[in-house]
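Q: task: produce atomic coordinates for the following.
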Amino acid sequence: MTPARKLAAALAAALALPAFLTAPAAHAVSDADLANHWAPVHHQDTDSSDHDADYLSTVDFDGDWNAQNNWEAQDDSLARLTGAAYYSVAETSTHWFLVYGFYHPRDWDDAPDPFGLTTHENDMEGLLATVRKDGSTYGRLEAVVTVAHSDFYSYVAPGSTFTSGREGVDGTLRLQGHRPTTRQEAKGHGLYAWNGAEFPGGDGVVYVPAAAGEVPSGGNDRSVGYRLVDTFAPAGLWAQRNNTATFASWGTFRGDNGKDNAANSAWGWDDGNDGGDLQRGLLATDPAYLVSVYFANRGDFSLTYTRNQYRQ
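A: Below is the predicted model of the structure:
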């Protein structure tokens, strides 16, 4: 074949390529879309003695950032307790790390607590989802670490290669479609992977991600929308990190009902016995390192952030 004919053949082959090979690359997925895609179907247990004290809301549900009046405001108007969860996204070359925080105005008990030993104002517990960038739009979920009081629990997604590292794997996630499913206790609000069981006592609220947050119709509502709130939104939760009306100290909410100043934001979460190198708040501020310690058999796994707003 002559050079001219070779050139003509090459041009013809190029013109015959499928459109998806010649089209411009798609835009990267936004944090909001990524957070919405992986947001869990959330099973919130409620206690019949005061079921609305277990409804989800935001720290400023009452219209201000004074965290010291949230206990009192919790039951002033149930219409303000619209379902919500805070989210943030950090990124390395291999993974996205998504933190979700579920807030309640009260960590409560139906028994008297005169010495402030079992209750406190404000309560935020949540989870870290690890998602591999596999070339698809939203990646592939590999693992979740949940926060239950002063302990973290580790779960793997179906098909994940992750195995136990320093911390043992506590189970395999149940998925609803592509979404992980989670459960949260009544009153104390410890958060775990959902075990597929009915709510204790038979009553609870199932929160599902939605464009707008909804208020449960009662303590046994099985489909209630919760909206996603960007932790880093202008004038949002992270912007209040040095606001002394909201926080008593770094990552610790101000509160004076029950035990004083006893609830933490994501950058204050801590497992009490996972090692001195895993400092308080690392689940949010350095999730790649925490996951690298908690799990083994991770495959290609970068510890270098391409972005992480907690560290700016």
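
Q: show me where pLDDT drops low in this protein?
A: Counting by pLDDT under 70, the ranges of the chain that qualify are 1-27.

Q: mind listing what the most centrally placed residue in the chain touches?
A: In the chain, the centroid-proximal residue (CA atoms, centre = their mean) is Tyr100; its distance is 1.5 Å. Each residue near Tyr100 by CB atoms under 8 Å, 6 or more residues apart in numbering is listed here: Ala35, Ala39, Pro40, Ala85, Tyr86, Tyr87, Gly126, Leu127, Ala129. Using the backbone N, CA and C atoms, a C-beta is placed for each residue, glycine as well.

Q: for the second one, give me phi and psi.
A: As for Ala39, its main-chain torsions (degrees, to the nearest 10) stand at phi -60, psi 140.

Q: neighbours around the nearest residue to it once chain neighbours are set aside, how many?
A: Excluding the flanking residues, the one nearest Ala39 by CB to CB, 6 or more residues apart in numbering is Pro209, at 4.0 Å. Applying other CB atoms under 10 Å, we find 19 other residues in the vicinity of Pro209.

Q: so what's Pro209 bridging to?
A: Taking DSSP bridges, one finds Tyr226 as the beta-bridge partners of Pro209.

Q: what about the strands in the stretch 101-250 of the chain?
A: Secondary structure of the stretch 101-250 of the chain by DSSP state E, counting those that start in this stretch: the strands cover 120-132, 140-148, 151-156, 163-164, 171-172, 175-176, 179-184, 191-193, 204-209, 224-230, 247-249.

Q: winner for burial among these?
A: With neighbours defined as mean count of other CB atoms under 10 Å, these peak in mean count at strand 120-132, which reaches a mean of 25.

Q: residue contacts, the nearest residue to His51 once chain neighbours are set aside?
A: Ranked by CB to CB, 6+ apart and with sequence neighbours excluded, the top spatial neighbour of His51 is Gly219, at 2.8 Å. For Gly219, the contacting residues are Thr46, Asp47, Ser48, His51, Asp52, Asp54, Asp203, Gly204, Val205, taking CB under 8 Å, 6+ apart as the criterion.
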